[in-house]
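>>> please work out how this folds:
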Amino acid sequence: HVQLVESGGGSVQAGGSLNLSCAVSGRIDLTYCMGWFRQAPGKEREGVVVTYSDGSRPAYTNSAKGRFTVSQDNAKNTLYLNSLEPEDTGMYYCAAHRGLCPGFYAPLSWRYWGQGTQVTVS
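Residues are numbered from 1 along each chain as shown. You can find the predicted model right below:
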């Protein structure tokens, strides 16, 4: 059984940085993909970055390119948020899926989710 637990959210001023972590437990191998998503109040959940389960070959959405970076170290997946803007405010979720990766645009298809961590940029 896969469990994901996010941490590291907080409140920062525009231009600031945060590092979000996703602790992964359970048996995840290269048949899985990992992703980060976010959801602002009143908006649909949207993708941020998708990678293989070892953190390789990250694919970022346009809003994340050049500002956000993801890495994988053993059982921890970290999302580095830089040059944050108020539009980045929202709940950030870590996700995992086994098999054909649903990608950015089908968040409802992802199998495993963490509880989320709040990011607020003012």
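>>> just the strands in this structure please.
Assigned by DSSP state E, the chain shows strands spanning 3-7, 10-12, 18-25, 32-39, 46-52, 59-60, 68-73, 76-81, 90-98, 112-113, 117-121.
>>> pull the contacting residues for the spatially most central residue of the chain.
Among the residues of the chain, the one closest to the centroid is Trp36, at 1.8 Å (Cα atoms, centre = their mean). Applying Cβ atoms under 8 Å, 6 or more residues apart in numbering to Trp36 gives the contacts 20, 22, 47-49, 70, 77, 79, 92-95. Placement of C-beta: from N, CA and C, glycine included.
>>> again, 6 Å this time
With contact set as Cβ atoms under 6 Å, 6 or more residues apart in numbering, Trp36 has these partners: 48-49, 79, 94.
>>> among these, who's most crowded?
Counting neighbours by other Cβ atoms under 10 Å, the top entry in the contacts of Trp36 is Cys94, with 27 neighbours.
>>> how close does that one sit to Gly10?
For Cys94, the distance to Gly10 equals 16 Å [Cβ to Cβ, to the nearest Å].
>>> likewise Leu20?
For Leu20, the distance to Gly10 - Cβ to Cβ - is 10 Å.
>>> shared neighbours of those two, anything?
By Cβ under 6 Å, 6+ apart, no residue touches both Leu20 and Gly10.
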